[in-house]
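Student: Dropping the sequence and predicted coords here.
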Amino acid sequence: MGALFILIAISIVVAGSFLIAFLWSVKSGQYDDDFTPSVRMLFDDPSGSANEPKKQEEKKPAT
């Protein structure tokens with residue numbers, strides 16, 4: 001039974017350390033992305049104009 005309490009305490013310490021590491025990385029700007037929004041319009045629609053409706057391919061009947 002004592003081993004169970006030790007394992008629960010260790011798991012709480014590990015979970016707390018992961019939470020602290022995550023909060024530290026968010027505060028330091030690890031997840032900030034300033035580059036992608038500025039170039040998103042360059043790669044948005046590779047097939048052509050966004051105002052032009054897409055053509056549907058005609059399906060050939062199986063013979």
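Tutor: The structure has been received and is ready for your questions. Numbering: from 1, shown residues only.
Student: List the buried residues for whichever helix or strand V13 is part of?
Tutor: Using DSSP states H and E, V13 falls within helix 2-27. By 16 or more other Cβ atoms under 10 Å, helix 2-27 has no buried positions at all. Heads up, the C-betas are built off the backbone N, CA and C, glycines and all.
Student: end to end, how far does stretch 25-42 reach?
Tutor: 30 Å (Cα to Cα, to the nearest Å).
Student: before we move on, what about stretch 31-42?
Tutor: Per Cα to Cα, the first residue of stretch 31-42 is 22 Å away from its last.
Student: hmm, back to that, show the subsequent helix or strand relative to the helix holding V13.
Tutor: Sequence order places helix 36-39 as the next helix or strand after helix 2-27, per DSSP H and E.
Student: any idea of the mean pLDDT in that following helix?
Tutor: Summarised as a single mean, pLDDT over helix 36-39 is 78.
Student: For F18, which residues are in contact?
Tutor: F18 sits next to no residue when contact means Cβ atoms under 8 Å, 6 or more residues apart in numbering.
Student: And it, how far from I10?
Tutor: F18 sits at a distance of 13 Å from I10 (criterion: Cβ to Cβ, to the nearest Å).
Student: do the same with M1
Tutor: 15 Å.
Student: Repeat that for L19.
Tutor: 15 Å.
Student: Also T36?
Tutor: 39 Å.
Student: now P37
Tutor: Relative to I10, and taking Cβ to Cβ, P37 is found at 42 Å.
Student: phi, psi of D34?
Tutor: With angles defined as degrees, to the nearest 10, D34 sits at phi -90, psi -20.
Student: Look at it and say how many residues are nearby.
Tutor: Here the count is done by other Cβ atoms under 10 Å, and D34 has 7 residues near it.
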